[in-house]
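Student: I'll drop the sequence and a predicted model, then ask my questions.
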Amino acid sequence: MTRVDHRRPPARAARKQHRTAARRSAPAARPRKAQRSHSAIGAAIVAGLAIAAVFAFILTRGTTAGTVADGLRMGSGTDSGAAAPADPTASPTGISTKADRKPPVSAAAPKPTAATSATKPTTPPPVNTGPTSPKFKRGQWIAVLDKYPADAGQTAKDTATRITRAGIPAKAMLVDGQYPGFTDSSLAPVTGTWVVYLGPGSSSEQMLNLCLDPRTQAAYPSACPTYEPAS
């Protein structure tokens, strides 16, 4: 009597054979699945990069806007805190407008000119104080305002110039014994003396009145002695 094996190895073997046959009949099934996996991974990477780029753009835009806003609120540090005005020459699209053009230079613009003439100090004209040793005639009188030693001739001339510029015609001469009528208290001729005087006039009274005139005394106070040099 032949034994019969009641187990199911043949069925298990049949399934194994079926699987092997299925694999052989569809050899491209596994590569297609692997290809789909690679495509999904690439799409995920691209999407991640896109999301990262979007976040980076948002962060950069926000930081720039915040910095600009802070600069507008706080100023550049050199002004008084006011916001910098917008450029009037640029449009919102960044295209320059006609305001960029420079205005024409006017040919008739006034030019600064220097003063045509500088103020110069005026020098008064020189005063003629007369000759050093004038000649007198009999009957001509003089009134003496002041006397100076022989070496003070310039001082005598300066005094006569000052009196003349005050409106009283005065002169200066050197008396050195050449005038017989010009004597001292001892009736000796005066020598080596510079004399500032008024005249000559026709009389002693005339010259005395001229010398004692308030205007003369205001210019140069004096006792006003009178002389007739040629007598």
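Tutor: That came in fine, so what should we check first?
Student: drop to CA atoms for contacts and neighbour counts, all remaining ones
Tutor: OK.
Student: Now do the strands in this structure.
Tutor: Under the criterion DSSP state E, the chain contains strands at 141-149, 171-175, 193-201, 226-227.
Student: which stretches of the protein aren't confidently modelled?
Tutor: By pLDDT under 70, the weakly predicted segments of the chain are 1-38, 61-119.
Student: Spell out which residues make up each domain of it.
Tutor: 36-72, 141-227 (automatic domain parsing).
Student: the helices in this structure, which residues?
Tutor: Using DSSP state H, the helices of the chain run over residues 9-25, 29-74, 153-165, 204-212, 214-219.
Student: G153 reaches V196, doesn't it?
Tutor: No - counting by C-alpha atoms under 8 Å, G153 stays clear of V196, with 10.0 Å between them.
Student: what touches both of those two?
Tutor: Counting by C-alpha atoms under 8 Å, 6 or more residues apart in numbering, G153 and V196 have no common neighbour.
Student: And those two? Which one has more around it.
Tutor: V196 (27 against 19; other C-alpha atoms under 10 Å).
Student: okay but the more buried one is in contact with P169, surely?
Tutor: No - counting by C-alpha under 8 Å, V196 stays clear of P169, with 10.6 Å between them.
Student: So which of the domains of the chain is the most surrounded?
Tutor: domain 141-227 (a mean of 18; mean count of other C-alpha atoms under 10 Å).
Student: What residues does S133 make contact with?
Tutor: S133 neighbours (C-alpha under 8 Å, 6+ apart): 173-175.
Student: rerun that using 7 Å as the cut-off
Tutor: 173-174 (C-alpha atoms under 7 Å, 6 or more residues apart in numbering).
Student: Check V195 too.
Tutor: With C-alpha under 7 Å, 6+ apart, V195 has these contacts: 144, 146-148, 156, 172-175.
Student: Identify the bridge partners of it.
Tutor: For V195, the beta-bridge partners are K147, M173 (DSSP bridges).
Student: Who are the contact partners of the closest residue in space to P134 that isn't next to it in sequence?
Tutor: Nearest residue to P134, sequence neighbours excluded (C-alpha to C-alpha, 6 or more residues apart in numbering): M173, at 7.3 Å. Under the criterion of C-alpha under 7 Å, 6+ apart, the neighbours of M173 are 131-133, 194-196.
Student: Now with 8 Å, please.
Tutor: So M173 contacts 130-134, 194-196 (C-alpha under 8 Å, 6+ apart).
Student: same thing with V196?
Tutor: Counting by C-alpha under 8 Å, 6+ apart, V196 has contacts 144-147, 156-157, 159-160, 170-173.
Student: If we use 7 Å, what do you get?
Tutor: 144-147, 156, 160, 170-173.
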